[in-house]
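In: Have a look; sequence and predicted model below, questions after that.
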Amino acid sequence: MSLEAIKFNKSNPANVTVEVLDQLLLPYTTKYIPIHSIDDGYRVIKTMQVRGAPAIAIVGSLSVLLEIQLLQKESFTKSQWYYNLSNWNDVRSRFQDRLAFLLSSRPTAVNLSNALKEISTTLNKSDNIKAFDRSLFEFVKRLINDDLSNNKKMGDNGAKFLLDTLEKEGFKDEFAVLTICNTGSLATSGYGTALGVIRSLWEDSKTKSYPTNIKKKAKTTENSQSKMVHVYPLETRPYNQGSRLTAYELVQEQIPATLITDSSVAYRIQTSPVPIKAAFVGADRIVRNGDTANKIGTFQLAILCKQFGIKFFVVAPNTTIDNITQTGEDIIVEERHADEFRHVTGTAIDLNTNKPVLNEKEEPVSAKVGISPPQINVWNPAFDITTHAFIDGIVTEKGVFTKNADGEFELDKLF
Ligand SMILES: CSC[C@H]1O[C@H](OP(=O)(O)O)[C@H](O)[C@@H]1O
């Protein structure tokens, strides 16, 4: 089982517990943080201890469930003053404010907004706190289960679509793929979106026994089918989801990969020992015409793919669809704090041994290093917008959507 970003213990539906993996400490430290309320949910999402559009929606929804269960514990209610528990309508009104607060944690990823809209509707329909608790428990359970099953479907849909496309083109060799940011088990309930496709491609490759030789120009013309033999994850500055998280998942599962800098993509495409045939990226928001908000760096990756004739796929479940917004021009792009760019946060490495510096408990020590003058202005958008002209396919659990003869996506089945 790949790494769990979220541990949800639902053995007692009336008293669930939630822990989330602190992704700021990966890859050297595996530490889980307990979540007890909406405040905790907001904090771990805002600080990006938990990140990834689907994971954000799941943790946000779980934090609402935890808060409603707190309001049924005398140990908590005897000291809280925010909710007037003698008046359900008042509780509901306060809860709507709390949902709006939670939504403000990260505005671009639509998954959280979609989930909180459903929770708000459930809240309005609930006659009392226990009814809301029960409905919310079922919603969150479904959200997690659907995310996991959808990721496996997307993985297989995307892998099959690429392999079939390559076969139609008569390509029967080994190939590599590119990916940016982290879209794996650390960004979802498991398996991942774009990284899920890569997992499915790797599972397919393992069924094809002909020799894999990445060092030399692959000689596999006698083979019946192409196979993915290597992954190039981009480090994904400035938060380094690629180098810290995706590389971690790939190493854990022994999927052959070479980490590359964001600035080396064109040169890597030009010099890769095996041809790079596709890029798979995640999404934080896909709008009606297919324009997609995703991690900063995605748009330029798409431009490079078009330049080199490499297929560019966005991989996302229906929970990432924004069926209201028409084009990418209307997507709000979150800007992160300048110091997240001026500083690099990681694990301290001993200059003599090249191993992690350990504290008195033998735990790796986190560290932050400055890499620019404190006074320099910084522009630090968390996302960019890839216009649909640069997207060859949108991989979903319902199949792979491609553009019509007019170069337009028809995504109505997803709305
Ligand atoms: C399946 S994760 C989708 C999306 O979320 C990531 O952003 P962040 O790490 O800032 O939460 C990245 O854009 C992924 O592609």
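Out: Alright, I've got the coordinates. Residues are numbered from 1 along each chain as shown.
In: Look at N145 and give its secondary structure.
Out: Taking DSSP: H, G, I helix; E, B strand; the rest coil as the rule, one finds N145 in the helix state.
In: residue contacts, whatever residue of the chain ends up closest to the ligand?
Out: Relative to the ligand, the nearest point of the chain is G282 (2.7 Å; C-beta to the nearest ligand atom). To be clear about C-beta, it is placed using only N, CA and C from the backbone, and glycine gets the same treatment. Contact partners of G282, counting by C-beta atoms under 8 Å, 6 or more residues apart in numbering, are 52-53, 181, 183, 187, 193-194, 294-295, 314-316.
In: residues touching the nearest residue to it once chain neighbours are set aside, list them.
Out: The shortest distance from G282 to any residue other than its chain neighbours is 3.5 Å, reached at T183 (C-beta to C-beta, 6 or more residues apart in numbering). Contacts for T183 (C-beta under 8 Å, 6+ apart) come out as 52, 192-196, 246, 280-282, 315.
In: just checking, what packs against the one helix or strand K153 maps to?
Out: Following DSSP states H and E, one finds K153 within helix 129-168. Secondary-structure packing of helix 129-168 (3 or more C-beta pairs under 8 Å, 6 or more residues apart in numbering; DSSP states H and E): strand 6-9, helix 53-70, helix 110-125, helix 194-206, strand 276-281, strand 311-315, strand 393-396, strand 399-401.
In: Now stretch 315-335: average pLDDT?
Out: Per-residue pLDDT over stretch 315-335 has a mean of 96.
In: can you pull the buried residues of that stretch?
Out: For stretch 315-335, the neighbour count (16 or more other C-beta atoms under 10 Å) marks 315-322, 325, 328, 331, 333-334 as buried.
In: Equivalent analysis for stretch 162-181, please.
Out: Buried residues in stretch 162-181 (16+ other C-beta under 10 Å): 162-163, 165-166, 172-181.
In: Kindly report the same for stretch 392-408.
Out: Those would be 392-397, 399-401, 403, for stretch 392-408 by 16+ other C-beta under 10 Å.
In: And the protein, what are its domain boundaries?
Out: 6-146, 154-414 (automatic domain parsing).
In: just how off-centre is the shortest one within its chain?
Out: Think domain 6-146. Relative to its chain's centre, domain 6-146 lies at 19 Å (C-alpha atoms, centre = their mean, to the nearest Å).
In: does it come close to the ligand?
Out: Yes: residues of domain 6-146 contacting the ligand under C-beta under 6 Å from any ligand atom: 51-54.
In: of all the residues in the stretch 151-300 of the chain, which ones are close to the ligand?
Out: 181, 183, 187-188, 193, 241, 282-284, 294-295.
In: List the contacts of the residue nearest to I198 when sequence neighbours are not counted.
Out: Excluding the flanking residues, the one nearest I198 by C-beta to C-beta, 6+ apart is V231, at 5.7 Å. V231 sits next to 176-179, 198, 250, 255-258 when contact means C-beta under 8 Å, 6+ apart.
In: In helices, which of those appear?
Out: Among those, the ones falling in helices (DSSP state H) are 198, 250.
In: Can you lay out the contacts of V231 as JSON lines showing pLDDT?
Out: As requested, these are arranged in JSON lines below (pLDDT from 0 to 100):
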{"residue": "A176", "pLDDT": "98"}
{"residue": "V177", "pLDDT": "98"}
{"residue": "L178", "pLDDT": "98"}
{"residue": "T179", "pLDDT": "98"}
{"residue": "I198", "pLDDT": "98"}
{"residue": "L250", "pLDDT": "98"}
{"residue": "I255", "pLDDT": "98"}
{"residue": "P256", "pLDDT": "98"}
{"residue": "A257", "pLDDT": "98"}
{"residue": "T258", "pLDDT": "98"}
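In: export the contacts of V231 to a markdown table and tack on distance to K141?
Out: Shown next, in a markdown table, are those (distance: C-beta to C-beta, whole Å):
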| residue | distance to K141 |
| --- | --- |
| A176 | 38 |
| V177 | 33 |
| L178 | 35 |
| T179 | 30 |
| I198 | 28 |
| L250 | 30 |
| I255 | 30 |
| P256 | 36 |
| A257 | 33 |
| T258 | 39 |
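In: Just name the closest of the contacts of V231 to L304, please.
Out: L178 (8.8 Å; C-beta to C-beta).
In: Count residues in the vicinity of the nearest residue to the closest one once chain neighbours are set aside, would you?
Out: Nearest residue to L178, sequence neighbours excluded (C-beta to C-beta, 6+ apart): A279, at 4.1 Å. The burial count assigned to A279 is 26, neighbours taken as other C-beta atoms under 10 Å.
In: residue contacts, the nearest residue to I255 once chain neighbours are set aside?
Out: Nearest non-adjacent residue to I255, counting by C-beta to C-beta, 6+ apart: W202, 4.9 Å away. Applying C-beta under 8 Å, 6+ apart to W202 gives the contacts 228, 253, 255.
In: Give the residue farthest from the middle of the chain.
Out: Most distant from the centre of the chain: S86, at 40.1 Å, with distances by C-alpha atoms, centre = their mean.
In: For that residue, which residues are in contact?
Out: Contacts for S86 (C-beta under 8 Å, 6+ apart) come out as none.
In: which SS state does it fall under?
Out: Per three-state DSSP, S86 ends up coil.
In: and if you look at M48?
Out: coil.
In: and N289, backbone torsions?
Out: phi -90, psi 10 (degrees, to the nearest 10).
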